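I would like to see how this sequence folds:
(chains A and B)
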Amino acid sequence: MIFFAFRSYTTFLFLFLTVFGVFLALEGESMFSVWMGMEVSFLGVLFLISGETEEEVESTMKYFIIQVISSHLFLLSILSIAGGWWVLESPYFMVVSLLIKLGVFPFHFWVPSVISQMSYFSLILISVVQKMIPIWVFSNLSLEGSLLWLVEIALILSAFVGAVGGLGVLHFRTILSYSSISHTCFMVVVSFYSFKAFIVYLAVYFFLNLGLVSSLWSMKIYTVSDLQKVSNISSESVTQAISFYGLSLAGMPPFTGFFLKFFFLVLSWNEFPLMCVFFLMFSIISLYYYFFIFSALSVFSLFGGMSFRSKPFYWSWTFTISVVFNILPGFMLFMAVGIV
Amino acid sequence: MWFLKMWFLITPFLLLSYYSVYFSSMGFFWGLCCSFIFFILLIKSSVVCFFFYVPNSWVLMDDLSFLMEVLVFLVFVLSVACSVKDLSFPLKETSKGLDSGLAFISLPCIMFFCAGGWMPFYFFFEFSLIPTLWMILKWGYQPERLQAGMFLLMYTAGASLPLLMCLLFISTVVGSDSFILMALTDMSHWFSRWLLVPVLLAFFVKLPIYGFHVWLPKAHVEAPLAGSMVLAGVLLKLGGFGLIRVFSLFKMTLSEEALLMCSMIIWGGLLSSLVSATQHDIKSIIAYSSVSHMSLVAVSFLSCYPLTKLAGVCMMFAHGVCSPCMFALAASSYDWSQSRSISMNKSVLRLFPWFSFYWFSFIVANMSCPPSLNFFSEVVMFSSIKSIGFVFILPLGLLCEFTCVYCIFLYGFLNHGGVSSFLKSYPGISDRYLMSFLLSFLILFFGFLGLDFFLV
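Residues are numbered from 1 along each chain as shown, chains lettered A, B, ... in the order given. Okay, the predicted model is just below:
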């Protein structure tokens, strides 16, 4: 817990608020409690992501505007569905507001510009914690007909954006934002099967993201030019261990991230075969920027000089966590899907 | 008559038992490897049996997997022995660990060949990619290895994700992914033939076949020696093994599609052998020759005749032994001239005559000269492929000829010719090369005595 520093005394308070908001939304009895939980959680996150620097405040502002608009649209849809005037477009309001909240095509434009300016801690909050409530609503909707068609097209196209947008990007947070867009699409489809499946997916994704983000944060790597700071003899092995996260998030066996792809495929192959095909094709494209993360951390940061003393292997918790999150569960999770 | 037959059986034992003593002086792994091979010959020759080991639903070992495991072991030992320069003189302290990198490549290959279901099959098929990528990026010599690693990853991983989809689809339809179940059911009418296309594509990219071969020359050239050896020796055979499994388990004999694919593959092999004759980089020549040999392997598996399968398996094994040794020879030239170019390494015959002998023997094996294993496999292959379509004789004959062209080109340019004034005889070349070459030479040139090992 040390790495996300106590920037103020109230960090824990607002974290609690965030989690409490999620709890409110998931366990509340009516749609209003869902909306209320959404707002409470959003409030907590808002305090947490507005950090000290100006860029963080700017991206907090952008995030605020987007989320408030979508929350209002969501509230309108609740009022329209639960009581009052039902119009033909009422379910569409709800779905569209959730798509805006999640950052799905065609409402994905805020995601890279917001996340690329935030600190790593806020990145985790936005790409993992804030997905829970909208996807909870998604998993409880019975999508059929043209509504399902809308969501499917939006997801396929946002998978395309997530795959293609990250190509040629040099800032790690921007790459992670595009990665979060494409993983969001996977998560939504998994949630159509059941909410529990989504929680499993989210848990593995959370741990992978957490490991990567905490490692990058502790080494203060924000862009490729920061890799010069870690190209010394003592951090070489650590940086090479961190590079596994890149391929793990891409979904390569034997890493843990392959479980994400495999789980998604096993669950949604029967109901959405065409989406599975498209998502896999696009994840081949996204493999390029995941390979960039991998090669940047393992090759670009190599120590180029001679080492005159034999340096013993430098253990650090970053290395241990990378191995424990990436390599250890890889095969076991894969077998677990096969058994269950 | 039985007296003569007995000598045919005993000669490999005698040779290997004599030479294994000689080899064990090179170290523990050598002795282990040779005794392993000796043991296998003993078992296979003494009893007319077929080997089939299925302990649970995740492991299946039959004759072919056994043969491939032998190949993996052999190539691993050869790679460790030949990469003396990288192991004893690492570039810096943190470049140690090439041997463990090699072990991490060989481990998923060993697991892959004894996989008993489609999911472990796929998992280890992909698993072998990551340590190879790691080895190329960490221990390769030139800065171009970054692009080479990217090509390797994108091509092979990109082609194998559709494979994953199709395997999952088949598993959900059949109900299970185990090979045993599929071997016992006749599934040829359950799926449309087009389902096989993404499956075959993954193996064609891995083999590789001419249209999808671009990653291979890059990866081979930029990999360190041990990586090149394991790539050429084992990792290409993952694709061939997959082809055999797919065709024997799905029991789909494609007729029209097979003809189309065969003609494109053979043409690709011909083109690749032509391209190989124009290269100036020794490793590149050997890499393109791998492409053309693997195209022959692919055609032989597509034809679905048992005799052609024998020829294909024999060619896989022979190529898996011959090609790593050619890479090791190229690396020996790189050791003393620091260049992979064919015009910079000349006159090996005058400076290193022993190496010249091995250049000759492996090049001659590569172009399928009797009595090497490649010769037997190629003869059987050609005579079986003409039964698919008589017109294939023409490109096959041309392929054979152009193989000879680049092989003799490689041998002549490297071994003969005058010594350039700035090249000298170099005392630092390891004689471990010679040991490993001797072992491979014996296997290649006396392997025809055990041709029934390849009848899988």
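
what's the offset of stretch A:120-132 from the middle of its chain?
7 Å (Cα atoms, centre = their mean, to the nearest Å).

my error: substitute stretch B:313-331 in the last question.
6 Å.

how about stretch B:300-307: buried residues?
Neighbour-count burial for stretch B:300-307, counted by 16 or more other Cβ atoms under 10 Å in any protein chain shown, picks out B:300, B:301, B:302, B:303, B:304, B:305. The way it works is simple: take the backbone N, C-alpha and C, and place the C-beta from them, glycine included.

now that stretch, how far from the chain's geometric center?
That offset, for stretch B:300-307, works out to 18 Å (Cα atoms, centre = their mean).

same question for stretch A:264-282.
Distance of stretch A:264-282 from its chain centroid, counting by Cα atoms, centre = their mean, is 19 Å.

wait, does that stretch contact chain B?
Yes: among the residues of stretch A:264-282, A:265, A:266, A:269, A:270, A:273, A:276, A:277, A:280, A:281 lie within reach of chain B under Cβ under 8 Å from any Cβ of the partner chain.

most neighbours among the residues you listed, which one?
Greatest neighbour count in the residues of stretch A:264-282 next to chain B, by other Cβ atoms under 10 Å in any protein chain shown, goes to residue A:276: 23 neighbours.

related to what we said a few turns ago, what is the lowest-pLDDT residue among the residues of stretch A:264-282 next to chain B?
Within the residues of stretch A:264-282 next to chain B, pLDDT reaches its minimum at residue A:270, with 85.

which ones are touching it?
Counting by Cβ atoms under 8 Å, 6 or more residues apart in numbering or on different chains, residue A:270 touches residue B:172.

next, it: secondary structure please.
What DSSP: H, G, I helix; E, B strand; the rest coil gives for residue A:270 is coil.

and residue A:232, by the same measure?
Applying three-state DSSP: residue A:232 is coil.

tell me the one among the residues of stretch A:264-282 next to chain B nearest to residue A:75.
Of all those, residue A:276 has the smallest distance to residue A:75: 34.1 Å, by Cβ to Cβ.

which helices and strands does the helix or strand hosting that closest one pack with?
For residue A:276, the element it lies in under DSSP states H and E is helix A:273-295. Applying 3 or more Cβ pairs under 8 Å, 6 or more residues apart in numbering or on different chains; DSSP states H and E, one finds that helix A:273-295 makes contact with helix A:146-165, helix A:172-193, helix A:244-250, helix A:257-268, helix B:145-174.

list the buried residues in it.
A:275-295.

check stretch B:286-298 too.
For stretch B:286-298, burial by neighbour count (16+ other Cβ under 10 Å) applies to B:286-298.

so which of these would you say is closest to residue A:79?
Residue A:79 has its nearest neighbour among these in residue B:298, at 63.7 Å by Cβ to Cβ.

for the closest residue to that closest one other than its chain neighbours, the count of nearby residues, please.
Spatial nearest neighbour of residue B:298, excluding adjacent residues (Cβ to Cβ, 6 or more residues apart in numbering or on different chains): residue B:265 at 5.2 Å. Residues near residue B:265, counting by other Cβ under 10 Å, number 23.

list the contacts for residue B:265?
Here residue B:265 is in contact with B:204, B:209, B:210, B:295, B:298, B:299, B:302 (criterion: Cβ under 8 Å, 6+ apart).

how close does the closest residue to residue B:205 other than its chain neighbours get to residue A:320?
For residue B:205, ignoring the flanking residues on the chain, the nearest one in space by Cβ to Cβ, 6+ apart is residue B:159 at 3.8 Å. Applying Cβ to Cβ, to the nearest Å, one obtains 34 Å for the distance of residue B:159 from residue A:320.

between these two, tell me which one has more neighbours.
residue B:159 (21 against 11).

so that one makes contact with residue B:201?
Yes: Residue B:159 is in contact with residue B:201 according to Cβ atoms under 8 Å; the separation is 5.4 Å.

now do the shared contacts for the two.
Overlap of the contact sets of residue B:159 and residue B:201 (by Cβ under 8 Å, 6+ apart) consists of residue B:212.

mind pulling the model confidence for the nearest residue to residue A:115 once chain neighbours are set aside?
Spatial nearest neighbour of residue A:115, chain neighbours left out: residue A:177 (3.7 Å); criterion: Cβ to Cβ, 6+ apart. You'll see residue A:177 listed with a pLDDT of 95.

list the contacts of residue A:177.
Counting by Cβ under 8 Å, 6+ apart, residue A:177 has contacts A:111, A:112, A:114, A:115, A:116, A:123, A:127.

distance of the third one from chain B?
Taken as Cβ to the nearest Cβ, to the nearest Å, the spacing of residue A:114 relative to chain B amounts to 29 Å.

likewise the fourth one?
Using Cβ to the nearest Cβ, one gets 25 Å for the distance from residue A:115 to chain B.

test my guess that that residue contacts residue A:180.
Yes: taking Cβ under 8 Å as the definition, residue A:115 is a contact partner of residue A:180 at 7.0 Å.

what touches both of these two?
Both residue A:115 and residue A:180 are contacted by A:123, A:126, A:127, under the criterion Cβ under 8 Å, 6+ apart.

for residue A:223, phi and psi?
phi -150, psi 170 (degrees, to the nearest 10).

can you give me every residue that contacts the closest residue to it other than its chain neighbours?
Once flanking residues are discounted, residue A:223 sits nearest to residue A:171: 4.7 Å by Cβ to Cβ, 6+ apart. Residue A:171 makes contact with A:116, A:222, A:223, A:224 under the criterion Cβ under 8 Å, 6+ apart.

what about the third one, distance to residue A:216?
From residue A:223 over to residue A:216 the distance is 10 Å, taken as Cβ to Cβ.
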